[in-house]
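Undergrad: This is a predicted model, with the sequence first.
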There are 4 protein chains.
Amino acid sequence: MKSLAILMFLGLSGLATNAAAQSWQPPSPSERCPSKWGAGDERGSGNHMTPANVLRAARQIKTGETFELSHVLGRDMPINPGRQYDLHTKRSTGPFGSNQRYSNEELIVSEIGQVGTQFDGFTHQAIDRLLYNCINMDEVATRSGFTKMGVEKVGTLMTRGVLIDIAGLKGVDILPIDYEITVADLEQALQKQGISIQPGDAVLIYTGWSKHWGVDNKLYTSGCPGIGVRAAEWLIKQDPMLLGSDNWPVEIAPNPDKTINLPVHNIALTVNGVHLLENLVLADLAKARAYEFAFVMQPLKLQGATGSTVAPTAIR
Amino acid sequence: MKSLAILMFLGLSGLATNAAAQSWQPPSPSERCPSKWGAGDERGSGNHMTPANVLRAARQIKTGETFELSHVLGRDMPINPGRQYDLHTKRSTGPFGSNQRYSNEELIVSEIGQVGTQFDGFTHQAIDRLLYNCINMDEVATRSGFTKMGVEKVGTLMTRGVLIDIAGLKGVDILPIDYEITVADLEQALQKQGISIQPGDAVLIYTGWSKHWGVDNKLYTSGCPGIGVRAAEWLIKQDPMLLGSDNWPVEIAPNPDKTINLPVHNIALTVNGVHLLENLVLADLAKARAYEFAFVMQPLKLQGATGSTVAPTAIR
Amino acid sequence: MKSLAILMFLGLSGLATNAAAQSWQPPSPSERCPSKWGAGDERGSGNHMTPANVLRAARQIKTGETFELSHVLGRDMPINPGRQYDLHTKRSTGPFGSNQRYSNEELIVSEIGQVGTQFDGFTHQAIDRLLYNCINMDEVATRSGFTKMGVEKVGTLMTRGVLIDIAGLKGVDILPIDYEITVADLEQALQKQGISIQPGDAVLIYTGWSKHWGVDNKLYTSGCPGIGVRAAEWLIKQDPMLLGSDNWPVEIAPNPDKTINLPVHNIALTVNGVHLLENLVLADLAKARAYEFAFVMQPLKLQGATGSTVAPTAIR
Amino acid sequence: MKSLAILMFLGLSGLATNAAAQSWQPPSPSERCPSKWGAGDERGSGNHMTPANVLRAARQIKTGETFELSHVLGRDMPINPGRQYDLHTKRSTGPFGSNQRYSNEELIVSEIGQVGTQFDGFTHQAIDRLLYNCINMDEVATRSGFTKMGVEKVGTLMTRGVLIDIAGLKGVDILPIDYEITVADLEQALQKQGISIQPGDAVLIYTGWSKHWGVDNKLYTSGCPGIGVRAAEWLIKQDPMLLGSDNWPVEIAPNPDKTINLPVHNIALTVNGVHLLENLVLADLAKARAYEFAFVMQPLKLQGATGSTVAPTAIR
């Protein structure tokens, strides 16, 4: 709290970093496997997708108002280095028949599961070559996908969604690039918003960082505010279906502890089997104070893929 | 009825074709434009996506049971000639940090909007180089997509869905490849099922043809049973949000009238601005006699694309 | 001459532009077709590829010294907007057999005929939709290449090559971006070098512009010095097998006459059926004063393609 | 000879297999490294590319007659499983300027270094994850190519070429699919043809198997006649620049010894650093009895690639 006071004095709106507390070591395979969903489980937090949860979500629908939570996929979007998104309009074919029908299609060349608003499956990340549930990635990887835990096995996810507006809590449009969201932030925001997290929720965290999307792409991908190790661990204790945010890795990047690299990816996906959802569009939700809603997302059934570009929706 | 009697005599399970009645001529541009949704409209039947319609759909959700309506996308799926779907696992990167994080992604090269279970936008088809609402396709086509009516503008579609089980009506597992579904078939099936079509519905027609998917891909794409000109015109009069089926073009193919080519594509997309949804998985719905449900589909926001591969869901 | 005097005064080594003289109008189809090689000809200047010409080239080989005339194809090369070059290493397969064999390959996604050092075929360019020999491009274009004049029909080109060192003539390392090479420049350089152009030669023009390659890619593709309309017409009168240069379009770009666009592409490829060869590496040739040599180039046999990325060689 | 007699009796034109003699074990790293070209060498048999060798080749050119040694690259060519070749014509751009210039290009998606007539570099194959000169493939592989021994470092290869016509020796159009070429075959053919192999030669072996190319692609890639372990070892003792053939792996496939897998790939590329050249077109050479010639080949300079699709030429 002391450093917070100092920062407020410095005009930084009460935002602080706490690199000192960051240090994290992955649990050993014997500590983390089998997962709480059982040996051999490939669904992780996707196991929350049950009729009861769908009904719980449906009960959130009261006005029929929908919020689109995804960005448009185009050449001018921010994209991680080494990834691409190219759409090539094909030459029209036709005319066919007396109806003079013409047909148009396009070829897309892209890491389509890992561009734009994207949903991470469990083959996306590993610790020391071991995936979620300690499956050795080299044993399940082929040239055309993974033989286990491919994203085609996830299916539609419909559950109650909650928005945690940290930018709003801090009174800023956009959190600073090096701001690590703390457990206290999450608790205070939930209290302020008058909601709580329930098991199986889709938990979406608003940072405002998405306001740089398409405006300053270089800045957007250069780093971002987000949850760190402690906040991720706290959130996962609430037993969510997934964790999402309006930044590119959900978590703060780079991590304040320079010795660890995107640790929340490992904590969520690899250790706990909790899905991540990145590059969300959440500004309209935050503005409308839509903190509870039915969350619906339909990952493409890309056989053996590590994730899926998605177009999720919030409905209330 | 006479030809039907003859066919029954021939042991063809009461299925008949009526090529004679098929002939169709596209309405002239002045007859079909502007569309009923107004000059300059780019949404067509997507205009049915309203809060009222979402609420109407949500009221269908009573048990939380979900049905996945899409096929898995893989190298062994049927695919139209000239299209491809290739997923290339990228070499793993890592280890990063003291957490020894590894990362996996994949490159996909595909007409991703027009493979697998797919949703057709309005730039997909034209009559004599004119798209829906008589937009000249050459004026809106670029090398990287269309500047109007791209599929990114559609957004989530949630509405009441109805299944019309024609295979069930005819008492067959799979309709014959050359069976054209008639208006009478649709009316009888709806009556038998005790449901009716409401404006804004997602109308899904079950033919059983999907049972060839992945079993005999060559047969699957060689043709299929489906609605023809008359049934399409009748369905469109009911003012649906979209027409879908468990075959590759929704309509019968090739058309019994050999002079016209996939006319329902032009009738639905080009003339009336009604979306099509192809290669659906409907067998479980039919088996469960789930004839009414909430239909949810989230097309990817592929800028300027002619369609989107999708993973829609029925919920009841 | 007045502006030249001023430029010399300004220390620009006698380099001048002459926009006034640039204006060019394409000859009408009846004026330019059939080509001098006859109606229906698809080879144009490639008709110079004869045993006699090969022997003429072989006689240039006296020491066995070779010069590689092409750039390395990599992600850091300059590339025209809208084109791409991506090489994806595939996951290794193996081990196979008791010999524990592993295999590596890579997927390349690129306009491979039109990146790096590249050879232009006759389907690459048209005037008002008419290609070389007035073939209508829409009648020969398919989704997977052209049915006439594809680059697969060219084959190895081996002929006498000559280098015309204009940078050397002007005493500069690199010609200025807006310098248009004149007929007088060509004549003076040839005289200074003690060589003359013979029918069927590969004529390579050195500008020094390639020194920006990989050093300032943005500058490299932003424009370049090169031949203009008059010099191109003069060179084509010498009846060459091809015209090449160490810049991206062989010709000056943009053209000093702002109303015409890359006219030398039309003059060479479309009107006269003379191939172009772009992005050459010529600095070593110029430095070695290797003005005459055997020129060898092997376009890939890409069926129906508009050109081929190549790796030509000069041997003396 | 006994089995040979039996086979002749069976009308098989004197062709025999000798699986018994096949067994091969890769030499250990310490036995095979450093290579005869020295530790750290990345060029292997490419070190034969010297001015003296170019001159030796040039002396073979007496009439200027050329033979194209490569297949056309198109969708209907045989291709190894898991590889692809797709050429997508891009929409034309234009008109540009008062000259109404139009431009056409195409996107190619392919393992372009390993389709069609192809030249193998040293990163293509490994024994137990060790490449030529015992470089660990995992240490030099990146997502976008290899940091050592990429094919861009090879450059034009020009040397004396010799054709060894084994189909001719055996008096057949096409060798049987399971015919392993023996050392005796090679010696007899050379003697019959009146030529001998010199160090640094490009040695091309004619089997007739290419007559199945484009005629029966499934047969073409299902296996092939070719050299085995003994013939490969004998040829490599002659110190060639490369070994090529008109089949897809140069060597017999599958190997008669079922415990080893494409051993000649390891013997040539991995153990001895001798390049391979596959899917050649040699029928015209054989028919013309062109047994000695200048061989010229220009691999594309694909940075870090494992090989290059090529269009080599024989000139005499």
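TA: Yes, it's here. Numbers count the residues shown, from 1 in each chain, chains lettered A, B, ... in the order given.

Undergrad: ok, the helix or strand A:L235 falls within near chain B or not?
TA: A:L235 belongs to helix A:229-237 when assigned by DSSP states H and E. No. Using C-beta under 8 Å from any C-beta of the partner chain, helix A:229-237 stays clear of chain B, with a minimum separation of 10.1 Å. From N, CA and C alone the C-beta is placed, and that goes for glycine too.

Undergrad: so what strands line up beside the helix or strand just after that helix?
TA: Per DSSP H and E, helix A:229-237 leads on to strand A:242-245 as the next helix or strand towards the C-terminus. Counting by DSSP bridges, the strands paired with strand A:242-245 are strand A:202-206 (parallel), strand A:275-278 (parallel).

Undergrad: returning to what we had before: can you spell out which helices and strands pack onto the helix holding A:L235?
TA: Helices and strands touching helix A:229-237, by 3 or more C-beta pairs under 8 Å, 6 or more residues apart in numbering or on different chains; DSSP states H and E, are helix A:183-193, strand A:242-245, helix A:263-265.

Undergrad: Save the strands paired with strand A:242-245 as JSON lines, and put in mean pLDDT too.
TA: As requested, the strands paired with strand A:242-245 are exported to JSON lines (pLDDT from 0 to 100):
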{"stretch": "strand A:202-206", "mean pLDDT": "98"}
{"stretch": "strand A:275-278", "mean pLDDT": "98"}
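
Undergrad: Reformat those as CSV; add mean neighbour count.
TA: Shown next, in CSV, are these (neighbours: other C-beta atoms under 10 Å in any protein chain shown):
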stretch, mean neighbour count
strand A:202-206, 27
strand A:275-278, 25
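
Undergrad: On the strand side of things, show who the most centrally placed residue in chain A bridges to.
TA: Nearest residue to the geometric centre of chain A (C-alpha atoms, centre = their mean): A:L277, 1.7 Å. Judged by DSSP bridges, the bridge partners of A:L277 are A:F119, A:G244.

Undergrad: give me every residue that touches it.
TA: With contacts defined as C-beta atoms under 8 Å, 6 or more residues apart in numbering or on different chains, A:L277 is in contact with A:117-120, A:202, A:204, A:242-245, A:250, A:297, A:310, A:312.

Undergrad: can we see that at 10 Å?
TA: For A:L277, the contacting residues are A:69-70, A:117-120, A:157, A:202-204, A:241-245, A:250, A:295, A:297, A:299, A:307, A:310, A:312, by C-beta atoms under 10 Å, 6 or more residues apart in numbering or on different chains.

Undergrad: phi, psi of the closest residue in space to A:G307 that isn't next to it in sequence?
TA: What sits nearest to A:G307 in space, not counting adjacent residues and going by C-beta to C-beta, 6 or more residues apart in numbering or on different chains, is A:G113, at 4.0 Å. The phi/psi pair for A:G113 (degrees, to the nearest 10) reads phi -80, psi -10.

Undergrad: ok, A:G113 touching A:E278?
TA: No. Shown here, A:G113 and A:E278 do not form a contact pair, counting by C-beta atoms under 10 Å, at 11.4 Å.

Undergrad: secondary structure class for the residue located most distally from the centre of chain A?
TA: Relative to the centre of chain A, the most outlying C-alpha is that of A:S98, 49.4 Å out, by C-alpha atoms, centre = their mean. At A:S98, secondary structure determined by DSSP: H, G, I helix; E, B strand; the rest coil is coil.

Undergrad: Please tell me how far it sits from B:S23.
TA: 9 Å (C-beta to C-beta, to the nearest Å).

Undergrad: which parts of the stretch 1-150 of chain A sit against chain D?
TA: Residues of the stretch 1-150 of chain A found near chain D (C-beta under 10 Å from any C-beta of the partner chain) are A:82, A:86, A:88-92, A:104, A:106-107, A:109, A:142-144.

Undergrad: Show the residue spans covered by the helices in the stretch 101-250 of chain A.
TA: A:137-140, A:166-170, A:183-193, A:217-222, A:229-237 (DSSP state H, counting those that start in this stretch).

Undergrad: Comparing those helices, which stretch has the densest surroundings?
TA: helix A:166-170 (a mean of 22; mean count of other C-beta atoms under 10 Å in any protein chain shown).

Undergrad: can you list contacts of it?
TA: Here helix A:166-170 makes contact (C-beta under 10 Å, 6+ apart) with A:12-15, A:172-176, A:179, A:181-182, A:184-186, A:188-193, A:205-209, A:211, A:225-227, A:231, A:245-246, A:282-283, A:286-287, A:289.

Undergrad: Now do that helix, average pLDDT.
TA: The average pLDDT for helix A:166-170 rounds to 98.

Undergrad: sorry, back to before: do you know which of the helices of the stretch 101-250 of chain A lies nearest B:N133?
TA: Closest approach to B:N133 among those is made by helix A:217-222 (33.4 Å; C-beta to C-beta).

Undergrad: could I get the helices and strands packed on helix A:229-237 as TSV with mean pLDDT?
TA: Below are the helices and strands packed on helix A:229-237 laid out as TSV (pLDDT from 0 to 100):
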stretch	mean pLDDT
helix A:183-193	98
strand A:242-245	98
helix A:263-265	98
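
Undergrad: Could I get the contacting residues of the residue nearest to A:G307?
TA: Here A:G113 is in contact with A:119-121, A:124, A:150-151, A:299-300, A:302, A:305-310, B:87, B:105-108 (criterion: C-beta under 10 Å, 6+ apart).

Undergrad: Could you export stretch A:155-172 as CSV, CA atoms only?
TA: Provided in CSV are the C-alpha atoms of stretch A:155-172 (Å, rounded to 0.1, in the frame of the first residue of the first chain):
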residue,chain,number,x,y,z
GLY,A,155,-17.5,-27.8,-28.9
THR,A,156,-19.7,-24.9,-28.2
LEU,A,157,-19.1,-23.3,-24.8
MET,A,158,-22.2,-21.6,-23.3
THR,A,159,-22.1,-20.5,-19.7
ARG,A,160,-22.6,-17.5,-17.5
GLY,A,161,-20.1,-14.8,-18.2
VAL,A,162,-18.8,-12.1,-15.9
LEU,A,163,-16.9,-9.0,-16.8
ILE,A,164,-14.4,-7.7,-14.3
ASP,A,165,-13.7,-4.1,-15.2
ILE,A,166,-10.3,-3.2,-13.8
ALA,A,167,-9.8,-0.2,-16.0
GLY,A,168,-13.1,1.1,-14.5
LEU,A,169,-12.0,0.3,-11.0
LYS,A,170,-8.8,2.3,-11.6
GLY,A,171,-10.6,5.1,-13.3
VAL,A,172,-8.5,4.9,-16.4
